[in-house]
Each structure stands twice: as C-alpha cells, then as structure tokens.
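K.L.:
I would like the atomic coordinates for the input below:
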Amino acid sequence: MQEDRERENYETIKQWSLEVYFDGCRDLGHRKHTSEYEILGYVGYQFEGVFPHPTEQLMLMVCKFVLCAGRYPDYQTLLQSQISDIISKYGLKYLLAPLAEQELIVFKHDLLNLNLLKSTEPLTRL
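P.N.:
Numbering: from 1, shown residues only. Next up, the predicted model:
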C-alpha cells in the first residue's frame, strides 16, 4: 500500500477522538441537546475518510469502542463486528507491523482488555 503521508500513532488518534467527543458534547450535547449516542456517531463522521491506513482505521474503531463504554449494546456489537472484519481482512500481523514497540504494547493491551483480541501470547509482535 502506497501512502502519501506518515501514519498517525495510536496516542494521537486517541487524543483526537477525545477532543472531537469533547467538542461534540460541548457544542451539540449542551447547546442542542443532542444525545450521547448521536455524539458517538458525530465522532465517526468527523473522521470519515481521514485515515487511509487499515491500522489507523482499526485504532479509530477501538477508540470509538472505548467511548461507547458498553452503554449502547447495538453500537458496541457493530464496532466489534467492524473490528473483527478489519482484522480478518488484513490479518493482525499486517495491522501491527507498523507499530513501534511501545505503541504495540499499549494497543495490544487495549485490544486484550476490551476482549477485542483473543490471545494468550505475550504483548509482543505476533
């Protein structure tokens, strides 16, 4: 896959996701009484087409899954399915290959703790 820009790291994607969620809560939730569920959709909408690399797309899905916090089971199931689909399509080895060691440890830790990845392997490259 040819890329024109450097891949964004997991910490940056988490930070941006939280910033958009915060802005959505402030600007839509408080001002327009938009539901939290709709604000979660707003987060996804704001990043539509922004991340071309499948690893970035997976990271964004994980961030949205965390923001969902189990409050919306249907949305959580949709995100789990999307996460599973991208892992099945590209393979975990390919998706994790571009990650630096510390980024890999943090990302796999989140995947394991959220039960998005079933692995008994140590938190190293698969």
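K.L.:
contacts for the top helix by length along the chain, please.
P.N.:
In the chain, taking DSSP state H as the definition, the longest helix is helix 73-90. For helix 73-90, contacts defined as Cβ atoms under 8 Å, 6 or more residues apart in numbering pick out 37, 40, 54, 57-58, 61-62, 64-65, 68, 70, 95, 116-117. Yep, even glycine has a C-beta here, placed from its N, CA and C like the rest.
K.L.:
which among those end up buried?
P.N.:
40, 54, 57-58, 61-62, 64-65, 68, 95, 116-117 (16 or more other Cβ atoms under 10 Å).
K.L.:
helices - which of those residues land there?
P.N.:
Short answer: the buried ones among the contacts of helix 73-90 in helices (DSSP H) are 40, 54, 57-58, 61-62, 64-65, 68, 95.
K.L.:
out of those residues, who's nearest Ile13?
P.N.:
Checking these against Ile13 with Cβ to Cβ, the nearest one is Val62 at 8.6 Å.
K.L.:
surely that closest one and Leu111 touch.
P.N.:
Yes: with contacts counted by Cβ atoms under 8 Å, Val62 reaches Leu111, the gap being 6.8 Å.
K.L.:
next, format the contacts of helix 73-90 as TSV and append distance to Arg5 and pLDDT.
P.N.:
Formatted as TSV, the contacts of helix 73-90 follow (distance: Cβ to Cβ, whole Å; pLDDT from 0 to 100):
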residue	distance to Arg5	pLDDT
Tyr37	32	92
Leu40	27	94
Pro54	15	97
Gln57	15	97
Leu58	17	98
Met61	20	97
Val62	21	97
Lys64	22	96
Phe65	25	97
Cys68	28	94
Gly70	34	90
Leu95	18	96
Leu116	26	93
Leu117	27	83
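K.L.:
for Ile83, see how far away Glu117 is.
P.N.:
Let me fix one detail, which is that residue 117 is Leu and not Glu. 9 Å (Cβ to Cβ, to the nearest Å).
K.L.:
kindly report the same for Ala97.
P.N.:
Distance, Ala97 to Ile83, by Cβ to Cβ: 17 Å.
K.L.:
what of Ile39?
P.N.:
20 Å.
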